[in-house]
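> sequence first, then the predicted structure:
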Amino acid sequence: MDHLMTFSGRFAESLMAAQLDHVSLSFLVDDLQIKRGGVAPNISFGLAALGLHPLLVGAVGDDFADYRSWLDRHGVLTWPIHISATAHTARFVVTTDTDNAQIGSFYTGAMAEARQIELKPIADKVGGLDLVIISPNDPEAMQRHTDECRLRGYPFISDPSQQMAWMNGPDIRRLIDGATYLFSNEYEDGLITSKTGWSHEEILSRVGTRVITRGKDGASIEVAGQPRIDVPITPENGRLDPTGVGDAFRAGFIAGLSWDLSLERCAQLGSVLASYVIAIVGTQEYRFNGTFLGRFELAYGAAAASAPYACSSRVRKEPLNRYSWVPTMAIT
């Protein structure tokens, strides 16, 4: 669950560079909203909103019943989830200032038990896995799932995100080496390079495709030996809270992959979905109300919008027989 607060000032005005080792601050916030969150549920919700059938894999507490009902009702398959007998579901508490800078804290809770989950029984039950995304989670669970994907030949997306701040170089190298796709934002891209000791080019040689989000500057897609693809953001209808925007981008991108769209179209699809999330408070509160394809066309043109239109229409009429994506429960 996400506890989202807003601060009407700027954190930067209260942070003194010479005193960072003695920080003791509190901020008077204007609002508190408690919303459903978590990287894996957020991405799964976005995929289901686009007509796909994602499997949600992770560990939660016995306080998850209402959340499970919500996800089930919106098309997310939650049966693989592990329920802890002792811990509560993970919680994220974050304050956002007027610059959209954020200060947050994360309670792991039941997430630590995700390391007990094996992917093969899930794959056997559904007849195979097309793609696994390993997002920020219990670090041991992330390593286990990555190793299992390599061992069993499951294509996987490496998305270590916020967990890289706490991981050392060898751990990060183990998470990303051999990934079919590697997702990061611009800051995380620098962390990967500095902590692994690998150059940008060497990282690119070790993964199939790199996807780097750049905030207001859009996203870049890189494949070794090919020109970089840069995709601008979708014009926003509002900007209320950035929490979950990266998750929505990933959901749209992965939906495009499942429809065999070009990498450029995948990024455009992700950007359009992200524009819905940033305009609301909460990561799963958006609704398309028939506007999605119109917004896509307005942002990227009629020719670009025709591809997801054809695919999304087909998927809605003919649900996939195979489950095309398995995330691991993770933080926002």
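That came in fine, so what should we check first? Numbers count the residues shown, from 1 in each chain.
> hey, let's count contacts and neighbours off CA atoms from now on
Fine.
> tell me where the protein has strands.
Along the chain, the stretches classed as strands by DSSP state E are 2-6, 31-35, 59-60, 82-83, 91-96, 102-107, 132-134, 156-158, 181-185, 209-213, 219-222, 229-231, 326-327.
> which residues are contacting the second one?
The set of residues that contact strand 31-35 without belonging to it, under Cα atoms under 8 Å, 6 or more residues apart in numbering, is Met1, Asp2, His3, Leu4, Met5, Thr6, Phe7, Val281, Gly282, Thr283.
> repeat the analysis, applying 7 Å as the threshold.
Outside strand 31-35, the residues within contact range by Cα atoms under 7 Å, 6 or more residues apart in numbering are Met1, Asp2, His3, Leu4, Met5, Thr6, Gly282.
> out of those residues, name the two that are farthest from one another.
Set against one another by Cα to Cα, those have their most distant pair in Met1 and Thr6, with a gap of 16.5 Å.
> quick check: of the contacts of strand 31-35, which lies closest to Val29?
Proximity of the contacts of strand 31-35 to Val29 was ranked by Cα to Cα; the top entry is Thr6 with 5.4 Å.
> quick one, helices of this protein?
Counting by DSSP state H, residue ranges of the helices within the chain are 39-49, 65-73, 120-126, 139-152, 169-176, 186-196, 200-206, 245-258, 263-277, 292-300, 302-317.
> weakest of those in terms of mean pLDDT?
Among the helices of the chain, helix 302-317 has the lowest mean pLDDT, at a mean of 63.
> from one end of stretch 94-111 to the other, what's the distance?
Looking at stretch 94-111, the gap from its leading to its trailing residue is 18 Å under the measure Cα to Cα, to the nearest Å.
> mean confidence score for it?
If you average the pLDDT over stretch 94-111, you get 88.
> how far does it sit from its chain's centre?
Relative to the chain's own centre, stretch 94-111 is displaced by 15 Å; criterion: Cα atoms, centre = their mean, to the nearest Å.
> for it, which residues meet the burial criterion?
Val94, Thr95, Thr96, Asp97, Asn100, Gln102, Thr108, Gly109, Ala110, Met111 (16 or more other Cα atoms under 10 Å).
> hang on, the earlier thing: okay, the strands of the chain in a markdown table with distance to Gly238 next?
What follows is these, written out as a markdown table (distance: least, Cα to Cα, whole Å):
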| stretch | distance to Gly238 |
| --- | --- |
| strand 2-6 | 16 |
| strand 31-35 | 18 |
| strand 59-60 | 33 |
| strand 82-83 | 37 |
| strand 91-96 | 16 |
| strand 102-107 | 18 |
| strand 132-134 | 29 |
| strand 156-158 | 30 |
| strand 181-185 | 22 |
| strand 209-213 | 19 |
| strand 219-222 | 19 |
| strand 229-231 | 20 |
| strand 326-327 | 29 |
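> centroid-nearest residue for this protein?
Asp247 (3.1 Å; Cα atoms, centre = their mean).
> which residues does it contact?
Val39, Asn42, Ile43.
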